[in-house]
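Trainee: fold the following for me, if possible:
(chains A, B, C and D)
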There are 2 protein chains.
Amino acid sequence: MNEQDFLAAYDPRDYPAVAVTVDVVALTIREGALHLLLIRRAAPPYAGHWALPGGFVRPDEDLAAGARRELAEETGLGGERLRRVHLEQLATYGGPDRDPRMRVVSVAHLAFAPDLPDPIADTDAEDALWLPVTALTSRQLAFDHGRIIDDGLERARSKLEYTPLATRFLDPEFTITELRAVYETVWGHPLHAGNFHRKVLSVPGFVESTGASTERGGARGGPRAKLYRAGDARLLHPALLRPAREETVR
Amino acid sequence: MNEQDFLAAYDPRDYPAVAVTVDVVALTIREGALHLLLIRRAAPPYAGHWALPGGFVRPDEDLAAGARRELAEETGLGGERLRRVHLEQLATYGGPDRDPRMRVVSVAHLAFAPDLPDPIADTDAEDALWLPVTALTSRQLAFDHGRIIDDGLERARSKLEYTPLATRFLDPEFTITELRAVYETVWGHPLHAGNFHRKVLSVPGFVESTGASTERGGARGGPRAKLYRAGDARLLHPALLRPAREETVR
DNA sequence: CTAAGTTGTTCTCAGATTGAGTTATTCTCA
DNA sequence: TGAGAATAACTCAATCTGAGAACAACTTAG
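Mentor: Here you go, the predicted structure:
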């Protein structure tokens, strides 16, 4: 049998039915707190539960394109602002019983966005909102989305260490203090301002100066801060490591 | 409509046909060189081309279980020795046209194994072998497996930095020199023996002494080396960073 | 307008870590 | 038996880090 004949004789229905979805763990920073985009499901299964935005991959669509489309649908975002959102694949969740309808394999993605407008509930969702991650209780979440979110948050924390992606939570021009606030928010503890400043400026390609400064000082005083934009590095060398957690094992 | 009625009325065939496969980038070290497990495809598409071991996920099988099964089938491995192989999810590849038959979404996995016996060609494969990664030319590979392998190798290199997984390339008891050889092989350049020794012993939980030593000195002389086994750390703190590559950008 | 408080940025300095080289010792092979 | 090789320990200068201090530029309260 040559390759042509093989393809003609091939029936996709011979294979077990599996559906592939994309889900998005979309993170942003609002009012100094890390927020997560959630929708409340309108239809079964898990109607009324909170869930990650997501849906079936369309036939002609790449996985990343599907994730970006789902994100666009929930946030109402498009064009340049959507393009500025960082989107990467997180992991794939495919346990046989994670969806009661059928075998559903979900390719989860992770998104970092600057502060975005409130989301728009579309047809699939009763409601949609940016929820502070501190307000999460995994019990109310549909499917295995609690676990996906945990994995996404850990990945986000670790990505800030060795990539310049913290800048994706900010507008194109930002101050070192704003950048530090991103790290403090995502990592959940304060950093030494002086050391952070020294380190960021010493890592090649992390940030580059715009030459300009802010129009005003900080809200409660202080000098005008210099403005920077993201540099061209894809990886931070050397990395900005999280302070070691207290050893649980002595 | 309540949830029960919904599930009864649900027809999986309403959704576009997608197949889900698992592929495995299995790495081992043989004779001081990094090797990759490949099979030569017996059936179209890409009959006669080299490809990663893999196949369709079975209906009741977790993704990780499917990957481990595929690995077992190709290597003929089972039991304790199979269990010692490290297996983790790498990434999912799902472009619409990556397989001419139909939409195939492949969940790639990455495996680290100690030196294993030569593989066994099973029904899907004309042939199977451990190929040195230096002998790879991506042109001869089926599907997008060249890209998957590249991603797997880069992931392997980076995993050695911040996890103790280098030990998974070795037998349960090993010397520091053997461990250094793993790093040198995967990273592709020599390391300073003294500094490596100091560093490995200083990272908490990386290795623990067995108290014993090798029976003989090295092949070409030298004292007997102390034996170690893997410690209980899941992450290396601080990490063993790769020497910075030469800057391409000045 | 002034005083008090806040913030961005730069310094300082001790301690830890790193890279590179050296040494003593133990072993294999010819 | 001697040459060469490898383990494991040590040394030392250069670099990096964490913690704190200094200081000027700004804010707001009064």
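Trainee: how near is A:L165 to B:V186?
Mentor: 26 Å (Cβ to Cβ, to the nearest Å). From N, CA and C alone the C-beta is placed, and that goes for glycine too.
Trainee: what's around the closest residue to A:V25 other than its chain neighbours, how many residues?
Mentor: Nearest in space to A:V25, with sequence neighbours left out and distances taken as Cβ to Cβ, 6 or more residues apart in numbering or on different chains, is A:G152 at 3.3 Å. Using other Cβ atoms under 10 Å in any protein chain shown, A:G152 is surrounded by 25 other residues.
Trainee: now do A:P100
Mentor: Count around A:P100 with other Cβ under 10 Å applied: 14.
Trainee: my read: it touches A:A142, true?
Mentor: No - the pair A:P100 / A:A142 is not scored as a contact, 10.9 Å apart, by Cβ atoms under 8 Å.
Trainee: what's the local residue count around A:R229?
Mentor: 14.
Trainee: so it sits in a strand?
Mentor: Yes - per DSSP: H, G, I helix; E, B strand; the rest coil, A:R229 lies within a strand segment.
Trainee: report the next helix or strand after the helix or strand bottoming out on mean pLDDT in chain A in sequence order.
Mentor: Ranked by mean pLDDT, DSSP states H and E, the weakest helix or strand in chain A is helix A:3-9, scoring a mean of 44. Using DSSP states H and E, the next helix or strand after helix A:3-9 towards the C-terminus is strand A:19-30.
Trainee: show me the contact partners of the longest helix belonging to chain A.
Mentor: If each helix of chain A is counted by residues according to DSSP state H, the longest one is helix A:145-162. With Cβ atoms under 8 Å, 6 or more residues apart in numbering or on different chains as the test, helix A:145-162 has contacts from A:23, A:25, A:27, A:34, A:36, A:50-52, A:90-91, A:93, A:106, A:108, A:110, A:112, A:133, A:136, A:138-139, A:141, A:165-166, A:182-183, A:186-187, A:235-236, A:239-242.
Trainee: circling back to that earlier point, shared neighbours, A:P100 and A:A142?
Mentor: Common contact partners of A:P100 and A:A142 (Cβ under 8 Å, 6+ apart): A:P45.
Trainee: now do the strands in chain A.
Mentor: A:19-30, A:33-41, A:50-51, A:54-56, A:86-93, A:104-113, A:125-132, A:207-213, A:226-230 (DSSP state E).
Trainee: what would these look like in a markdown table with mean pLDDT and distance to DNA strand C?
Mentor: Listed next are these as a markdown table, based on pLDDT from 0 to 100; distance: least, Cβ to the nearest atom of the strand, whole Å:
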| stretch | mean pLDDT | distance to DNA strand C |
| --- | --- | --- |
| strand A:19-30 | 97 | 15 |
| strand A:33-41 | 96 | 17 |
| strand A:50-51 | 96 | 34 |
| strand A:54-56 | 94 | 37 |
| strand A:86-93 | 98 | 24 |
| strand A:104-113 | 98 | 22 |
| strand A:125-132 | 89 | 21 |
| strand A:207-213 | 98 | 7 |
| strand A:226-230 | 98 | 3 |
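Trainee: beta-bridge partners for A:A91, please?
Mentor: Here A:A91 sits in beta bridges with A:A108, going by DSSP bridges.
Trainee: please tell me how far it sits from A:R139.
Mentor: 22 Å.
Trainee: now A:P164
Mentor: Separation of A:P164 from A:R139 (Cβ to Cβ): 36 Å.
Trainee: the two: which is more packed in?
Mentor: A:P164 (22 against 7).
Trainee: isn't the more buried one right up against A:Y228?
Mentor: No - assessed by Cβ under 8 Å, A:P164 is found out of contact with A:Y228, at 11.0 Å.
Trainee: neighbours of A:A244, how many?
Mentor: 9.
Trainee: nope, A:F143 is what I meant
Mentor: Neighbours of A:F143 (other Cβ under 10 Å): 23.
Trainee: now swap in the one 5 residues further on and tell me
Mentor: The burial count assigned to A:I148 is 24, neighbours taken as other Cβ under 10 Å.
Trainee: for A:W50, same thing?
Mentor: 24.
Trainee: mind listing the residues bridging to the residue lying closest to it once chain neighbours are set aside?
Mentor: Taking Cβ to Cβ, 6+ apart, and ignoring the residues beside it in sequence, A:W50 has A:L38 as its nearest neighbour in space, at 4.7 Å. A:L38 has these beta-bridge partners by DSSP bridges: A:L129.
Trainee: residues in contact with A:I39?
Mentor: A:50-53, A:74, A:119, A:121, A:124-128.
Trainee: from what I can see A:L241 touches B:L235, true?
Mentor: No - applying Cβ under 8 Å, one finds A:L241 not in contact with B:L235, separated by 11.4 Å.
Trainee: domains of chain A?
Mentor: Here the domain parsing of chain A from automatic domain parsing is A:12-156, A:163-230.
Trainee: point out the most buried one among these.
Mentor: domain A:12-156 (a mean of 18; mean count of other Cβ atoms under 10 Å in any protein chain shown).
Trainee: from chain B, how far off is the most centrally placed residue in chain A?
Mentor: Taking Cα atoms, centre = their mean, the centroid of chain A lies closest to A:A111, which sits 2.3 Å from it. Per Cβ to the nearest Cβ, to the nearest Å, A:A111 is found 16 Å from chain B.
Trainee: that residue - nearest residue in space that isn't next to it in sequence?
Mentor: A:A26 (4.1 Å).
Trainee: ok, that neighbour - contacts?
Mentor: A:A26 touches A:36-37, A:53, A:71, A:74-75, A:85, A:111, A:113, counting by Cβ under 8 Å, 6+ apart.
Trainee: I figured the residue nearest to the centre of chain A hits A:L87, correct?
Mentor: Yes - between A:A111 and A:L87 there is a contact under Cβ under 8 Å: 4.9 Å.
Trainee: so what's in contact with these two at the same time?
Mentor: A:24, A:67, A:71.
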